[in-house]
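> Need coordinates for the following:
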Amino acid sequence: MSSPDCGVRSLEVPSLKAMMRIGGHTELRSVSLFTLAGPSACAHGVLDPARPVGLKSRRPRASGRRPTTLLHHQISLVALAVITLTASNPCRAIDPQPGDWETYPAKNVVMGFADFTTSSQLDNTTIGPVPNSHLDTAIGIARFMHFGRFAGHTFGLQAILPFGTLNNAKINGQSVSDASGIADPILAVGYWFIEDTARKTWFSFVNFVTVPIGTYDNNSALNLGNHHWQNDIQFDVTKGFLGKWTIDVSIDWIHTWDNTEAGTGHQTLRQNERFASYLWLSYDLTPQSTLSVGYAGLYGGAQALDGIRTGAEAGEQQIRMTYSRFITGSCQGLISFSHDVSATGQFKQDFGVLLRVAKLF
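Predicted coordinates for the structure are as follows:
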């Protein structure tokens, strides 16, 4: 995307879009399978058989055995008070938007985001679809970035603070209390190996570290914090072509450390490695405005509580559309829409909208 002249050319650093991996939507949420059976469903770590859930397992029925339900097949085996079914990506404040990895002259960028999503389908890989489920999110993000030069290339440092509410939640028809507060903050460092503005070619990486100090209660069905460390490494290639077209391709490897205070507070929630891919195709409508269509995919991330699979994982395929415009030479506005084509082991998003304002100085 072309940018208006900001009046400074001594330092080639990321544009106001650069390293703003706040894309698509931000979903900071976890839900509890415990809520499927109601608040008194668990006694001494095992769900009360008198309160069956009535959701069939995906596993075939064995000959001569009683029908397999979530109650008898999954929960009684896990023997826990609360199973945390964490969403595939607890904080999507680091998804890339189109052109986020180009470089433009600026030293600092301050951004504000408002992100809203609604979801009406919940999937669990063990029991299948969980009917009559719903979740809305309203998330704000404050973000600061500082850029400089090292060894002849641009580097970037940033801090991200998500906050907001999770509301109107239902699991299998059971209402779940809202959650609000601060999510886990994120610190990041990035580096550009190639930044050829003349040929519109950029190759870069960033490492995001999520610090587990957000709002978290292991007895709550919904949480904005996740109570575990997380590291996300992303590589990105951005290439302009045919004058007004640009393509962005990004891949992520996400490692999550264990949450040792999950469930009853003395259980260990473990999540497998996750991988993500992002693709944006953009067209410059004017030198100040760009229209983009994109895809985001998330894979892996199966969870287990004390070694027992919870049915939560990170399967998601999403389509996106973004419009961005420089309001002034140093201020940009952006709006992005998103929709999940499919989701496995988590909520499927019906619709999401992200608003972003950024200021260079």
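> is it true that Ala312 lies in a helix?
No: with DSSP: H, G, I helix; E, B strand; the rest coil as the criterion, Ala312 is located in coil rather than a helix.
> Check the gap between it and Phe361 for me.
Counting by CB to CB, to the nearest Å, the gap between Ala312 and Phe361 amounts to 42 Å. Quick note: C-beta positions are derived from backbone N, CA and C, even for glycine.
> Who has more neighbours out of those two?
Here Ala312 and Phe361 are compared on neighbour count by other CB atoms under 10 Å; more neighbours surround Ala312, at 29 against 11.
> Now do the same for that one: its pLDDT.
The per-residue pLDDT reported for Ala312 equals 89.
> go on, Tyr104?
For Tyr104, the model assigns a pLDDT of 77.
> Beta-bridge partners for it, please?
For Tyr104, the beta-bridge partners are Val13 (DSSP bridges).
> From Pro185, how far off is it?
If you measure Tyr104 against Pro185 using CB to CB, the figure is 26 Å.
> do the same with Asp248
Distance, Asp248 to Pro185, by CB to CB: 26 Å.
> neighbour count winner among the two?
Summary of the neighbour comparison: Asp248 and Pro185, criterion other CB under 10 Å, with Asp248 having more neighbours (24 against 20).
> residue contacts, the closest residue in space to the more buried one that isn't next to it in sequence?
Once flanking residues are discounted, Asp248 sits nearest to Trp280: 4.1 Å by CB to CB, 6 or more residues apart in numbering. With contacts defined as CB atoms under 8 Å, 6 or more residues apart in numbering, Trp280 is in contact with Pro96, Gln97, Pro98, Gly99, Thr246, Ile247, Asp248, Ser292, Val293, Gly294, Arg320, Thr322.
> what would the residues you listed look like in CSV with distance to Ser338?
Converted to CSV, the contacts of Trp280 look like this (distance: CB to CB, whole Å):
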residue, distance to Ser338
Pro96, 13
Gln97, 11
Pro98, 13
Gly99, 17
Thr246, 19
Ile247, 19
Asp248, 16
Ser292, 12
Val293, 11
Gly294, 9
Arg320, 5
Thr322, 9
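> Strands of the stretch 201-350 of the chain, start to end?
Under the criterion DSSP state E, counting those that start in this stretch, the stretch 201-350 of the chain carries strands at the ranges 201-210, 230-241, 245-256, 259-262, 267-271, 274-286, 289-300, 303-305, 308-309, 315-328, 331-344, 347-360.
> For Asn223, find the nearest of the ones you listed.
The closest of these to Asn223 is strand 259-262. By CB to CB, the value is 10.3 Å.
> List of residues touching the closest one?
In this structure, residues lying in contact with strand 259-262 by CB under 8 Å, 6+ apart are Val82, Thr84, Asn218, Asn226, His227, His228, Gln267, Thr268, Leu269, Leu305.
> neighbours around the last one, how many?
Neighbour count for Leu305, taken as other CB under 10 Å: 24.
> swap in the fifth one?
Other residues within reach of His227, judged by other CB under 10 Å, total 23.
> Quick check, it in contact with Pro212.
Yes: using CB atoms under 8 Å, His227 is in contact with Pro212, at 5.2 Å.
> quick one: Gly311 from Thr290, how far?
Gly311 sits at a distance of 40 Å from Thr290 (criterion: CB to CB).
> before we move on, what about Gly265?
Taking CB to CB, one finds Gly265 at 48 Å from Thr290.
> Over to Val209?
Counting by CB to CB, the separation of Val209 from Thr290 is 30 Å.
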